[in-house]
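Participant: Requesting a structural model of the entry that follows:
(one chain, ligands or ions: 1)
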Amino acid sequence: MKPIIYITRKLPQEAYADLQSSYEVRVWPKTEIPVPRDILLEEVKEADALWTMLSDKIDQEVIDAAPNLKIVSNLAVGYNNIDLDAARKRGIVVTNTPDVLTETTADLAFALLLATARRLMEAEKTVRSGKWKAWTPMGMTGQDVYGATLGIIGMGRIGEGVCRRAQGFNMDVMYHNRTRRSLEDARYAELDELLKQSDFVVVLTPLTDETRGMIGERELSLMKDTACLINVARGGIVDEDALYEALQSNKIWAAGLDVFEEEPLPTNHKLLSLPNLTVLPHIGSAGIQTRLAMMKLNAEAIGACLSGKSVKNRVC
Ligand code: DGY
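Facilitator: Here you go, the predicted structure:
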């Protein structure tokens, strides 16, 4: 019997075609609906490898239900959806998809920054809804980006990508990171200092026990009332209740979010009542070539692990 690979979402067949000659590849056949928990728990009973999405919670219960499991390969650079301790205890390899998504995610971060600063979504709606009556001297005005101060929280590969883009906008870049980096185009700052001085704050740190709720009421109160907060990392890092209050009371000027505590964001969520919030449906790495490159890394990791070779992009 061939080893079994379970893929938790419908992917382009070309992404796993190479694995099909040596392995039995089973796929949850829906594109938009994540695999239901009970089906995942059933499928993992026989699986040697799991190819997961960031929407799948791979916790102790899943690991316990999977006696043959050797690898979990996540289609994302983030892996906060996987219980690494539980995997480690069982000697299960976990991999992610770094590097290939860096530039695409940095593009999206910068696009969201620009869209938020210059109110692009609101402006587009004005045209389409027939509310564009005349050019007005202060109509649809936003915050200037060129020459502004940018604060990056979490200066990893994607942070460096955002910093490179900021050079073209002549921005003064500061960053806060667990470890100080020696960077030419960005200076280190303590978090409070960064929040006080930045015109744009971009959150790029991974979601961990330490970063959960890192941007809350106190942090938002330190920001300029003309500042924009951009989050393309993970929802849990920014306290959404505190952000709602800060936006509603104009304590900060605007925010742009690609990620949320609960995804998909319910359509009746109070955040959606705010005019100074730009929202996207978690599309940081959503470039066609990028997503295919991410899938290639997953396929390679699974193939290597199941054939006893050394596995790249291991997070444990
Ligand atoms: C990731 O890879 O972690 C991104 O959030 C996916 O868009």
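Participant: so where do the helices sit in the stretch 51-200 of the chain?
Facilitator: With DSSP state H, counting those that start in this stretch, the ranges of helices along the stretch 51-200 of the chain come out as 60-64, 84-89, 102-117, 120-128, 157-167, 191-197.
Participant: Around the ligand, pick out the residues from the protein.
Facilitator: By the rule Cβ under 6 Å from any ligand atom, the part of the chain lying against the ligand is L54, A76, V77, G78, L101, H282, G284, S285. No exception for glycine: its C-beta is placed from N, CA and C like everyone else's.
Participant: want to throw those residues into a markdown table with pLDDT?
Facilitator: Listed next are these as a markdown table, based on pLDDT from 0 to 100:
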| residue | pLDDT |
| --- | --- |
| L54 | 97 |
| A76 | 98 |
| V77 | 97 |
| G78 | 97 |
| L101 | 98 |
| H282 | 98 |
| G284 | 98 |
| S285 | 98 |
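Participant: So for the residue nearest the centre of the chain, what's the pLDDT?
Facilitator: Geometric centre of the chain, nearest residue: A233, 3.9 Å, by Cα atoms, centre = their mean. A233 carries a pLDDT value of 98.
Participant: now do the one 3 residues further on
Facilitator: For G236, the pLDDT comes out at 97.
Participant: so it, which of the three states?
Facilitator: Assigned with DSSP: H, G, I helix; E, B strand; the rest coil, G236 falls in the helix class.
Participant: can you list the domains in the chain?
Facilitator: The chain breaks down into these structural domains: 4-99+288-306, 102-279 (assignment by automatic domain parsing).
Participant: C316: which of these is closest?
Facilitator: Nearest to C316 among the domains of the chain is domain 4-99+288-306; the distance by Cβ to Cβ comes to 4.8 Å.
Participant: gap between the two ends of the closest one?
Facilitator: Here the two ends of domain 4-99+288-306 are set 10 Å apart, with distance taken as Cα to Cα, to the nearest Å.
Participant: what's the answer for stretch 36-47, then?
Facilitator: 16 Å.
Participant: which ones are touching the residue nearest to the centre of the chain?
Facilitator: Residues touching A233, when contacts are defined by Cβ atoms under 8 Å, 6 or more residues apart in numbering, comprise G78, G154, V203, L204, T205, P206, L207, V259.
Participant: Relative to F200, how far out is the second one?
Facilitator: What that stands for is G154. G154 sits 14 Å away from F200, taking Cβ to Cβ, to the nearest Å as the criterion.
Participant: So between those two, which is more surrounded?
Facilitator: Taking G154 and F200 together and counting by other Cβ atoms under 10 Å, F200 has the greater number of neighbours (28 against 20).
Participant: Which residue ranges of the stretch 201-316 of the chain form helices?
Facilitator: 217-222, 240-248, 288-306.
Participant: Make CSV out of those helices and add mean neighbour count and mean pLDDT.
Facilitator: Below are these laid out as CSV (neighbours: other Cβ atoms under 10 Å; pLDDT from 0 to 100):
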stretch, mean neighbour count, mean pLDDT
helix 217-222, 17, 98
helix 240-248, 18, 98
helix 288-306, 19, 98
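Participant: still on that earlier bit, CSV for the helices of the stretch 51-200 of the chain, including mean pLDDT?
Facilitator: Rendered in CSV, the data for the helices of the stretch 51-200 of the chain read as follows (pLDDT from 0 to 100):
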stretch, mean pLDDT
helix 60-64, 98
helix 84-89, 98
helix 102-117, 99
helix 120-128, 98
helix 157-167, 98
helix 191-197, 98
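Participant: Any chance of these in a markdown table with mean neighbour count as columns?
Facilitator: Formatted as a markdown table, those follow (neighbours: other Cβ atoms under 10 Å):
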| stretch | mean neighbour count |
| --- | --- |
| helix 60-64 | 17 |
| helix 84-89 | 14 |
| helix 102-117 | 22 |
| helix 120-128 | 13 |
| helix 157-167 | 21 |
| helix 191-197 | 17 |
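Participant: Could you dump these into JSON lines with distance to S310 added?
Facilitator: Written out in JSON lines, the entries for the helices of the stretch 51-200 of the chain read as follows (distance: least, Cβ to Cβ, whole Å):
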{"stretch": "helix 60-64", "distance to S310": "23"}
{"stretch": "helix 84-89", "distance to S310": "18"}
{"stretch": "helix 102-117", "distance to S310": "23"}
{"stretch": "helix 120-128", "distance to S310": "45"}
{"stretch": "helix 157-167", "distance to S310": "22"}
{"stretch": "helix 191-197", "distance to S310": "38"}
